[in-house]
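Visitor: Everything below, folded, please.
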Amino acid sequence: MTETLLDYEAEAAHYDRTRGGVPRAAAAAEAVLRLVPPGARTLLDLACGTGLVTERLTRPGLRVHGADAAHAMLRVAAARVPDRVVRADARRLPLPDASLDAVCAVWLLHLVPFTAEIVAEAARVLRPGGVLIATVDKDAAHDVGSDIDEILRPHRSAAAASDRAELIARHAVAHGLEPASGTRFTGHGQGATPRDTVRKLRAGHFASWFDGDTAASTTIAAALTALPDQDRPRDDPRYRLARFVRRR
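Guide: Residues are numbered from 1 along each chain as shown. Prediction:
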């Protein structure tokens with residue numbers, strides 16, 4: 001997974017602290033486990049990062065492994081889930097066909113342009129009846145109806161999002177995966193503040209949904225700066241987990 005917006009080798013040292021830490025990871029893991037079939041024995045956590053979610057994917061009888069492309073992330077993950085992480089590209093997993101009961105991809109598909117390849121590879125390694133579980137529509141989840149969102153909404157567009165639910169479903173069906181019921185979970189600690197939203201806007205963090213020019217950025221920043229409670233977090237996002245079942 002090298003074609004991402006961030007340098008995950010550099011991000012590893014502070015990644016968890018800036019992304020909701022244990023509460024967000026625990027909520028994600030609990031939601032994933034709700035979608036893993038009761039009889040599943042093997043689960044692969046794609047783009048496992050520091051392993052904060054991976055180590056919480058625990059259930060009697062379920063063996064969980066993690067894969068990531070970034071050395072620095074894996075060094076942290078290896079301390080959390082010893083002997084169960086591997087360096088691998090999500091498009092080329094070192095696994096035989098039909099070898100897993102479940103694959104999860106939490107906060108991955110919005111980062112890369114090659115989601116079709118990731119879905120195809122997940123389908124390849126899943127056994128009949130196995131499931132792919134993935135976060136979709138991540139950017140949309142951050143619109144919680146706050147005063148910040150009232151300012152940003154006219155400039156939001158999902159057209160370029162690589163994790164659009166309908167797009168991922170199309171990829172899934174093309175590779176023998178049937179859509180099934182999903183779930184949602186809270187992104188604890190991810191509520192936006194006006195001040196930090198201005199910082200992210202100026203730093204280009206919203207490139208996946210904002211295509212405005214410098215003049216538009218300046219206007220938006222001014223409106224955000226005029227909001228009250230500049231450092232008060234608004235509501236946390238509610239992330240969506242989609243599930244797809246490998247045809248038998």
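Visitor: Does the residue lying closest to T225 once chain neighbours are set aside lie in a helix or a strand, and which?
Guide: On the basis of CB to CB, 6 or more residues apart in numbering, the spatially nearest residue to T225 that is not a chain neighbour turns out to be V198, at 6.1 Å. Placement of C-beta: from N, CA and C, glycine included. V198 is part of helix 194-203 when elements are defined by DSSP states H and E.
Visitor: Could you pull out the buried residues of that helix?
Guide: Of the residues in helix 194-203, 194, 196-198, 201 count as buried by neighbour count, 16 or more other CB atoms under 10 Å.
Visitor: Repeat that for stretch 28-43.
Guide: For stretch 28-43, the neighbour count (16+ other CB under 10 Å) marks 28-29, 31-33, 35-36, 40, 42-43 as buried.
Visitor: Could you single out the nearest of these to R243?
Guide: Top of the list for closeness to R243, among these and by CB to CB, is L35 at 4.8 Å.
Visitor: Is it correct that the residue nearest to T225 is in contact with L224?
Guide: Yes: at 5.0 Å, V198 counts as touching L224 under the criterion of CB atoms under 8 Å.
Visitor: Next up, the contacts around H142.
Guide: For H142, the contact set (CB atoms under 8 Å, 6 or more residues apart in numbering) comprises 149, 190, 192, 237.
Visitor: can you tell me which of the buried residues of stretch 28-43 are in helices?
Guide: Within those, membership in helices is found for 28-29, 31-33, 35, as judged by DSSP state H.
Visitor: Adding pLDDT as columns, could you present those in a markdown table?
Guide: Shown next, in a markdown table, are those (pLDDT from 0 to 100):
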| residue | pLDDT |
| --- | --- |
| A28 | 97 |
| A29 | 98 |
| A31 | 98 |
| V32 | 98 |
| L33 | 98 |
| L35 | 98 |
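Visitor: Using CSV, lay out those residues together with distance to G129.
Guide: What follows is these, written out as CSV (distance: CB to CB, whole Å):
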residue, distance to G129
A28, 23
A29, 22
A31, 21
V32, 17
L33, 17
L35, 13
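Visitor: Mean pLDDT per helix and strand in the chain: which one sits at the bottom?
Guide: Within the chain, judged by mean pLDDT, DSSP states H and E, the helix or strand with the poorest mean is helix 8-11; its value is a mean of 52.
Visitor: What pLDDT is listed against R19?
Guide: Model confidence at R19, expressed as pLDDT, equals 56.
Visitor: no wait, T42
Guide: Per-residue confidence for T42 comes out at a pLDDT of 98.
Visitor: Can you name the residues bridging to it?
Guide: Going by DSSP bridges, T42 is paired in beta bridges with R63.
Visitor: Find the centremost residue of this protein, please.
Guide: Nearest to the centroid of the C-alpha atoms of the chain, with distances taken as CA atoms, centre = their mean, sits W107, at 0.8 Å.
Visitor: residues of the one helix or strand L241 maps to that come out buried?
Guide: Using DSSP H and E, L241 maps to strand 238-246. Under the neighbour-count criterion of 16+ other CB under 10 Å, strand 238-246 has 239-246 buried.
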